[in-house]
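Asks: Quick one, fold the following:
(one chain, ligands or ions: 1)
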Amino acid sequence: MDRKVRVRFAPSPTGPLHIGGVRTALYNYLFARQHGGDMILRIEDTDSQRFVPGAEEYICEALDWLGIEIDEGVGHGGNYGPYRQSERRDIYREYVKMLLDNDKAYIAFDTPEELEAARAAVPNFQYDASTRGSMRNSLTLPAEEVKRLIDEGHKYVVRFKIEPGREVEVNDLLRGKVTINSSVLDDKVLYKSADDLPTYHLANIVDDHLMEVSHVIRGEEWLPSAPLHVLLYEAFGWSDTAPQFVHLPLLLKPDGKGKLSKRDGDRLGFPVFPLLWNDPKSGETSSGYRESGYLPEAVINFLALLGWNPGDDTEIMNMDELIRRFSFDHCSRSGAKFDYEKGKWFNHKYLQELPDSELAELFKPVMKEHGVDPEAFSDEYIARAVGMVKSRINFVKDLWDHAGFFFKAPETYDAKAVKKRWSEEMPRIMAELCEVLKGLESFKSADAEPLVLGWIADKGYHLGNVMNAFRLTVVGECKGPHMFDITELMGCDETVARIKAGIDRIHPEA
Ligand code: GLU
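Replies: Numbering: from 1, shown residues only. Presented below is the predicted three-dimensional model:
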């Protein structure tokens, strides 16, 4: 490959970026980085009807959160700008003119009503070589008439003049050569005078050419447009530098039946968007991976493996490793099932990798949500508490269920456990336990444990009942990390205070 790798992620700001779009951006990024190439962000906003305010900002914020770095493009500058298509009207006008001048395109005046009538009259009507001769366009009208109509401000479109009966070859890196006959294509609209804007097809091709894009890596849904794009490159005389196509397989529903949609997420309870999205039109809110407690690294790793594998069974790979190992040779051609449970597993794994001090920082907002001021505890205390329970969590917010008691003494006690463990003599035994604990020289787990267990044995008490009652007073229920690790962290005063509160407050129902 002697050409510099330049790829682009080219979303249309028509709403929040779908998770499949994020994967497309990721594969572009991995490929660009691996080849020392450039990653371009181009905003394709030529469809003013579908423009949604806030969508562009959303896209940029999502890429930023995920660590998909842009070298050039909207918000990043570069030598090929502007990178927002709505700011490139002058450029497109020039290229539309070039096609018209070279007889590769023509002007069409047909009104929606006329098109409707043609569709009604001709079965399977398609605006193409077989029908264009009977429509109102610059191929059928005299030149003066065309000029007059334009001067009078009649709305028109420019259509691509597709030559029928040609074999068009699309070369896709994943799919090989796909050949289709040009007769099945219609004379696509390339430009609309109504808003003085090109359509997606023209703007996309012109920009890929001018921005010297080497590889077009995009979703499979764009494959049907590829033959048209090949013909456009040819019409412009750019075939020699046309980019290499890569059409990525679809993301499928978790059960593999059909394309993943927002509704699947709503139905099965997982986000299909990277960030929370408030739709400005409908007012509807859609959940995002970020707000649902995912680490960006976990989302990246999860997405990377939806459609690609490293050739062995390695699963945990950070961005650097993904960049090193990524290859289209190991991309699948068939759709990838969106295995949401696997996404949770990745998040679990990445949370285990975080140092306890970082996990503690992520946990602080959760503490606040539960009415606990993190400032009331040392950073070390919080870090040790989360460190003790992190193996049990998939999300940061889960830490509260497992470690909340470190920060808030129990207000209630698990009724079942009380019934089972809190015998009549338990208040007395717990009072004794307080004295034993106060008498310990060291509260370290390894020092305290044998002494307390020794006392239980000496007294002939029931080990399980005493230890569970002890746990009940400290934790509020019979679960949690090793008891003496808990008390080591809480310290003697807090432990004894909780046991005493338990003695006062735990009353088994008669
Ligand atoms: N604007 C198109 C999209 O929204 C770009 C397709 C392409 O990458 O060519 O996905």
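Asks: Would you quantify the distance from whichever residue of the stretch 51-200 of the chain sits closest to the ligand to E411?
Replies: For the stretch 51-200 of the chain, the residue positioned closest to the ligand under CB to the nearest ligand atom is Y200, at a distance of 6.0 Å. In this view, the C-beta of every residue, glycine as well, is placed from N, C-alpha and C. When distances are taken as CB to CB, to the nearest Å, Y200 and E411 turn out to be 59 Å apart.
Asks: Compare neighbour counts for the two and give me the winner.
Replies: When Y200 and E411 are compared for neighbours, Y200 comes out ahead with 18 against 8, by other CB atoms under 10 Å.
Asks: OK, contacts around that one?
Replies: By CB atoms under 8 Å, 6 or more residues apart in numbering, the contact list for Y200 reads 12, 44, 46-47, 225.
Asks: Of those residues, which belong to helices?
Replies: Helix and strand membership here follows DSSP state H; of these, not one is in helices.
Asks: Show which residues not belonging to the host helix or strand of N171 make contact with it.
Replies: Using DSSP states H and E, N171 sits in strand 167-172. Applying CB under 8 Å, 6+ apart, the external contacts of strand 167-172 come out as 177-182, 185, 223, 226-227, 230-231, 244-247.
Asks: Buried ones among those?
Replies: Of the members of the contacts of strand 167-172, the ones counted as buried by neighbours, 16 or more other CB atoms under 10 Å, are 180, 182, 185, 223, 226-227, 230-231, 244-247.
Asks: what does the protein put close to the ligand?
Replies: Selection of the chain residues close to the ligand by CB under 6 Å from any ligand atom yields 10-12, 44, 204, 216, 218, 222.
Asks: most surrounded residue in those?
Replies: Each of these was scored for neighbours by other CB under 10 Å, and A10 scores highest at 26 neighbours.
Asks: so G15 sits in a strand?
Replies: No: counting by DSSP: H, G, I helix; E, B strand; the rest coil, G15 is not part of a strand but coil.
Asks: The closest residue to it other than its chain neighbours: which element?
Replies: Counting by CB to CB, 6 or more residues apart in numbering, V52 is the residue found nearest to G15 once chain neighbours are left out, at 5.3 Å. Counting by DSSP H and E, no helix or strand carries V52.
Asks: how much space between V52 and S282?
Replies: Going from V52 to S282 by CB to CB gives 11 Å.
Asks: who's more crowded, the two?
Replies: Under the neighbour definition other CB under 10 Å, V52 and S282 were set side by side, and V52 has more, 17 against 7.
Asks: residue contacts, the more buried one?
Replies: V52 touches 13-15, 279-281, counting by CB under 8 Å, 6+ apart.
Asks: quick one on the thing from earlier: between which two of the buried ones among the contacts of strand 167-172 is the distance greatest?
Replies: Greatest spatial distance among the buried ones among the contacts of strand 167-172 (CB to CB): S182 and V246, at 22.7 Å.
Asks: Most proximal residue of the stretch 151-300 of the chain with respect to the ligand?
Replies: Of the residues in the stretch 151-300 of the chain, the one nearest the ligand is R218, at a distance of 3.5 Å by CB to the nearest ligand atom.
Asks: ok, and the closest non-adjacent residue to that residue?
Replies: In space, and not counting its chain neighbours, R218 is closest to T24: 5.9 Å by CB to CB, 6+ apart.
Asks: quick one, phi psi at that neighbour?
Replies: Main-chain dihedrals, T24, degrees, to the nearest 10: phi -60, psi -50.
Asks: List the contacts of it.
Replies: By CB under 8 Å, 6+ apart, T24 lies in contact with 9, 217-219, 248.
Asks: Equivalent analysis for G288, please.
Replies: By CB under 8 Å, 6+ apart, the contact set of G288 is 16, 271, 273-277.
Asks: go with 6 Å
Replies: 271, 273-276 (CB atoms under 6 Å, 6 or more residues apart in numbering).
Asks: Quick one: buried ones out of those?
Replies: Judged by neighbour count, with buriedness set by 16+ other CB under 10 Å, the buried members of the contacts of G288 are 271, 273-276.
Asks: out of these, who's nearest R136?
Replies: Nearest to R136 among these, with distances taken as CB to CB, is F273, at 43.9 Å.
Asks: Point out where the stretch 251-400 of the chain drops to low pLDDT.
Replies: Scanning the stretch 251-400 of the chain with the threshold set as pLDDT under 70 gives no residue ranges.
Asks: change it to 90
Replies: In the prediction, the stretch 251-400 of the chain carries residues with pLDDT under 90 at positions 256-257, 262-269, 281-282.
Asks: which residue ranges form the strands in it?
Replies: Remark: strands assigned in the stretch 251-400 of the chain by DSSP state E, counting those that start in this stretch are 251-252, 277-278, 285-286, 336-337.
Asks: For those strands, state which one has the densest average packing.
Replies: Highest mean neighbour count among the strands of the stretch 251-400 of the chain (mean count of other CB atoms under 10 Å): strand 251-252, with a mean of 23.
Asks: if we look at it, which residues are touching it?
Replies: With CB under 6 Å, 6+ apart as the contact definition, strand 251-252 has outside contacts at 20, 260, 335-338.
Asks: Ignoring the adjacent residues along the chain, who's closest to G265?
Replies: With CB to CB, 6+ apart as the criterion, G265 has its nearest non-adjacent residue at 3.9 Å, and that residue is V272.
Asks: give the contact list for that neighbour.
Replies: 19, 262, 265.
Asks: In helices, which of the residues you listed appear?
Replies: When the contacts of V272 are checked against helices (DSSP H), the matches are 19, 262, 265.
Asks: From E56, how far off is the residue nearest to the second one when sequence neighbours are not counted?
Replies: I take that to be K262. Residue nearest to K262 in three dimensions, not counting chain neighbours: V272, with 5.3 Å by CB to CB, 6+ apart. Counting by CB to CB, the gap between V272 and E56 amounts to 19 Å.
Asks: who's in contact with the least confident helix or strand in the chain by mean pLDDT?
Replies: Of all regular secondary-structure elements in the chain, judged by mean pLDDT, DSSP states H and E, the least confident is helix 262-268 with a mean of 87. Contacts with helix 262-268, where a contact means CB under 6 Å, 6+ apart, come from 253, 271-272.
Asks: Would you state the helices of the stretch 1-150 of the chain in chain order?
Replies: Along the stretch 1-150 of the chain, the segments classed as helices by DSSP state H, counting those that start in this stretch run 19-34, 55-66, 89-101, 112-121, 143-151.
Asks: Quick check: which element contains E212?
Replies: Assigning secondary structure by DSSP H and E places E212 outside every helix and strand.
Asks: now the closest residue to it other than its chain neighbours, which residues is it bridged with?
Replies: Closest residue to E212 in three dimensions, ignoring its sequence neighbours and counting by CB to CB, 6+ apart: R6, at 5.5 Å. In this structure, R6 has beta-bridge partners D38, where bridges are defined by DSSP bridges.
Asks: Give the burial count for R6, as a bare number.
Replies: Counted with other CB under 10 Å, the neighbours of R6 add up to 21.
Asks: Please give me every residue in contact with it.
Replies: So R6 contacts 37-38, 212-214 (CB under 6 Å, 6+ apart).
Asks: now do 8 Å
Replies: Residues near R6 by CB under 8 Å, 6+ apart: 32, 37-38, 40, 211-215.
Asks: likewise E284?
Replies: By CB under 8 Å, 6+ apart, the contact set of E284 is N278.
Asks: about what we covered before: can the contacts of T24 go into TSV with extra columns for secondary structure?
Replies: Converted to TSV, the contacts of T24 look like this (three-state DSSP):
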residue	secondary structure
F9	strand
I217	strand
R218	strand
G219	strand
L248	strand
